[in-house]
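Need a 3D model of the sequence below.
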Amino acid sequence: MGAGVMIFAFFFYVLLMAPFCILVGAKTSSRMGWVMATPLIFLPLTLLIAALIP
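Prediction:
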């Protein structure tokens, strides 16, 4: 139950942050969009994976 909630929250977070990173990339440069996307999306993903490992 708890893992499902965490996965749902992560996908909701990604759905909110991905357009933001795309917007930043469109306004500045593609590299800046990737620089923002890397910690904003992949850091919570690693924390989610670490929480699911027993």
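
For Leu15, see how far away Ile53 is.
Going from Ile53 to Leu15 by CB to CB, to the nearest Å gives 24 Å. Backbone N, C-alpha and C define where each C-beta goes, glycine included.

Could you check which of these two is surrounded by more residues?
Leu15 (9 against 5; other CB atoms under 10 Å).

I'd like the next helix or strand past the helix or strand hosting Leu16.
Using DSSP states H and E, Leu16 maps to helix 2-27. For helix 2-27, the following helix or strand on the C-terminal side (DSSP H and E) is helix 30-37.

Which positions in that next one come out as buried?
By neighbour count on 16 or more other CB atoms under 10 Å, the buried set for helix 30-37 is 33, 36-37.

so who does Cys21 touch?
By CB atoms under 8 Å, 6 or more residues apart in numbering, the contact list for Cys21 reads 33-34, 36-37, 40-41.

scratch that, Leu52 is what I was asking about
Leu52 touches 3, 6, counting by CB under 8 Å, 6+ apart.

Centroid-nearest residue for this protein?
The centre of the chain sits closest to Ile41, judged by CA atoms, centre = their mean, with a distance of 2.1 Å.

And that residue, how far from Pro54?
Ile41 is 24 Å from Pro54, where distance means CB to CB.

Ala37 now?
29 Å.

Got the confidence number for the residue nearest to the centre of the chain?
For Ile41, the pLDDT comes out at 85.

Can you tell me how far Leu45 is from Lys27?
In terms of CB to CB, Leu45 sits 25 Å off from Lys27.

of these two, who's got more company?
Leu45 (12 against 9).

mind checking how far the nearest residue to the more buried one once chain neighbours are set aside is from Met17?
Of all residues beyond its chain neighbours, the one nearest Leu45 is Phe10 (6.9 Å), with distances taken as CB to CB, 6 or more residues apart in numbering. Noted for Phe10: a distance of 10 Å to Met17, by CB to CB.
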